[in-house]
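In: Pasting a predicted model and its sequence here:
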Amino acid sequence: QVQLVESGGGLVQAGGSLTLSCAASGRTFSSYTMGWFRQAPGKERKFVATISKTGGSTDYADSVKGRFTISRDNAKNTVYLKMDSLKPEDTAVYYCNARRTIATVEVDYWGQGTQVTVSS
(Lines give C-alpha, C1' and ligand atoms only; values in the text may rest on other atoms or scores of the structure.)
Protein backbone atom coordinates (compact mmCIF):
# COMPACT_ATOMS: atom_id res chain seq x y z
CA GLN A 1 0.00 0.00 0.00
CA VAL A 2 1.13 3.56 -0.66
CA GLN A 3 0.08 6.86 0.87
CA LEU A 4 0.13 10.00 -1.23
CA VAL A 5 0.36 13.62 -0.09
CA GLU A 6 -0.05 16.46 -2.59
CA SER A 7 1.23 19.99 -2.15
CA GLY A 8 1.85 23.11 -4.19
CA GLY A 9 -1.67 24.21 -5.00
CA GLY A 10 -2.82 27.77 -4.65
CA LEU A 11 -4.20 30.85 -6.34
CA VAL A 12 -2.55 32.11 -9.51
CA GLN A 13 -3.46 34.54 -12.25
CA ALA A 14 -4.21 33.36 -15.76
CA GLY A 15 -0.98 32.86 -17.67
CA GLY A 16 0.92 32.01 -14.53
CA SER A 17 2.61 28.81 -13.40
CA LEU A 18 2.42 26.36 -10.52
CA THR A 19 4.21 23.13 -9.73
CA LEU A 20 2.40 20.44 -7.80
CA SER A 21 4.23 17.75 -5.86
CA CYS A 22 3.05 14.38 -4.64
CA ALA A 23 5.13 12.58 -2.04
CA ALA A 24 4.60 8.85 -1.66
CA SER A 25 5.31 6.68 1.34
CA GLY A 26 6.91 3.26 1.18
CA ARG A 27 9.80 1.64 -0.61
CA THR A 28 8.03 0.50 -3.77
CA PHE A 29 7.37 3.86 -5.44
CA SER A 30 9.05 2.74 -8.65
CA SER A 31 6.51 -0.09 -8.91
CA TYR A 32 3.68 2.38 -9.54
CA THR A 33 2.54 4.18 -12.62
CA MET A 34 1.82 7.69 -11.38
CA GLY A 35 -0.73 10.18 -12.58
CA TRP A 36 -2.58 13.39 -11.95
CA PHE A 37 -6.34 13.86 -12.19
CA ARG A 38 -8.49 16.87 -11.51
CA GLN A 39 -12.05 17.56 -10.48
CA ALA A 40 -13.80 20.87 -11.02
CA PRO A 41 -16.86 21.80 -8.93
CA GLY A 42 -19.91 19.82 -10.01
CA LYS A 43 -17.94 17.78 -12.52
CA GLU A 44 -16.42 14.31 -12.71
CA ARG A 45 -12.80 13.63 -11.92
CA LYS A 46 -10.79 13.67 -15.15
CA PHE A 47 -7.41 12.44 -16.29
CA VAL A 48 -4.67 15.06 -16.63
CA ALA A 49 -1.35 13.24 -17.06
CA THR A 50 0.42 9.98 -16.40
CA ILE A 51 4.03 8.82 -16.24
CA SER A 52 5.46 5.31 -16.44
CA LYS A 53 7.33 3.58 -13.63
CA THR A 54 10.73 4.61 -14.97
CA GLY A 55 9.62 8.02 -16.19
CA GLY A 56 10.40 7.11 -19.76
CA SER A 57 6.86 7.48 -21.03
CA THR A 58 4.25 10.17 -20.42
CA ASP A 59 0.76 10.93 -21.63
CA TYR A 60 -1.45 13.99 -21.32
CA ALA A 61 -5.02 15.03 -21.74
CA ASP A 62 -5.49 17.10 -24.90
CA SER A 63 -6.56 20.07 -22.82
CA VAL A 64 -3.16 20.35 -21.11
CA LYS A 65 -0.75 19.17 -23.81
CA GLY A 66 2.05 21.65 -24.35
CA ARG A 67 1.29 23.45 -21.06
CA PHE A 68 1.71 20.81 -18.36
CA THR A 69 4.70 18.55 -17.71
CA ILE A 70 4.67 15.48 -15.49
CA SER A 71 7.89 14.11 -14.05
CA ARG A 72 9.03 11.84 -11.25
CA ASP A 73 12.03 11.33 -9.02
CA ASN A 74 12.09 7.72 -7.86
CA ALA A 75 14.92 8.44 -5.43
CA LYS A 76 12.69 10.97 -3.66
CA ASN A 77 9.42 9.03 -4.04
CA THR A 78 7.89 12.11 -5.63
CA VAL A 79 5.94 12.94 -8.75
CA TYR A 80 5.53 16.48 -10.04
CA LEU A 81 3.15 18.36 -12.29
CA LYS A 82 4.52 21.60 -13.71
CA MET A 83 1.69 23.74 -14.98
CA ASP A 84 2.41 26.69 -17.27
CA SER A 85 0.16 29.11 -19.13
CA LEU A 86 -2.62 28.39 -16.68
CA LYS A 87 -6.20 29.16 -17.68
CA PRO A 88 -9.29 29.74 -15.53
CA GLU A 89 -10.66 26.42 -16.80
CA ASP A 90 -7.72 24.68 -15.10
CA THR A 91 -9.32 25.55 -11.76
CA ALA A 92 -9.96 22.29 -9.90
CA VAL A 93 -8.88 20.05 -7.08
CA TYR A 94 -5.87 18.11 -8.35
CA TYR A 95 -5.40 14.53 -7.19
CA CYS A 96 -2.31 12.37 -7.31
CA ASN A 97 -2.83 8.75 -8.37
CA ALA A 98 -0.67 5.66 -7.98
CA ARG A 99 -1.61 2.58 -9.97
CA ARG A 100 -0.18 -0.89 -9.64
CA THR A 101 -1.18 -4.10 -11.37
CA ILE A 102 -1.32 -7.07 -9.03
CA ALA A 103 -1.92 -10.27 -10.97
CA THR A 104 -4.55 -8.99 -13.42
CA VAL A 105 -6.09 -6.44 -11.07
CA GLU A 106 -5.32 -2.73 -11.25
CA VAL A 107 -5.18 -1.15 -7.82
CA ASP A 108 -5.46 2.62 -7.46
CA TYR A 109 -4.40 4.84 -4.59
CA TRP A 110 -5.32 8.51 -4.25
CA GLY A 111 -4.07 11.52 -2.39
CA GLN A 112 -6.35 13.95 -0.58
CA GLY A 113 -6.13 16.57 -3.33
CA THR A 114 -4.80 20.10 -3.59
CA GLN A 115 -6.81 23.09 -4.78
CA VAL A 116 -5.65 25.06 -7.81
CA THR A 117 -7.51 28.27 -8.56
CA VAL A 118 -6.73 30.32 -11.67
CA SER A 119 -8.16 33.83 -11.73
CA SER A 120 -8.93 35.67 -14.96
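Out: The structure has been received and is ready for your questions. Residues are numbered from 1 along each chain as shown.

In: average pLDDT for stretch 5-13?
Out: On average, the pLDDT along stretch 5-13 is 97.

In: again with stretch 36-46
Out: Per-residue pLDDT over stretch 36-46 has a mean of 97.

In: Show me how far that stretch is from its chain's centre.
Out: Centre-to-centre, stretch 36-46 and its host chain are 12 Å apart (CA atoms, centre = their mean, to the nearest Å).

In: again, but for stretch 45-64
Out: The answer for stretch 45-64 is 8 Å, by CA atoms, centre = their mean.

In: which parts of it are buried?
Out: 45, 48, 49, 50, 51, 53, 60, 64 (16 or more other CB atoms under 10 Å). C-betas here are computed from N, CA, C, even on glycine.

In: Once you drop chain neighbours, what's closest to the first one?
Out: This means residue 45. In space, and not counting its chain neighbours, residue 45 is closest to residue 39: 4.2 Å by CB to CB, 6 or more residues apart in numbering.

In: if I pick the one you found, what's in contact with it?
Out: Contacts for residue 39 (CB atoms under 8 Å, 6 or more residues apart in numbering) come out as 45, 46, 92, 93, 95, 113.

In: cutoff 6 Å now
Out: Under the criterion of CB atoms under 6 Å, 6 or more residues apart in numbering, the neighbours of residue 39 are 45, 92, 93.
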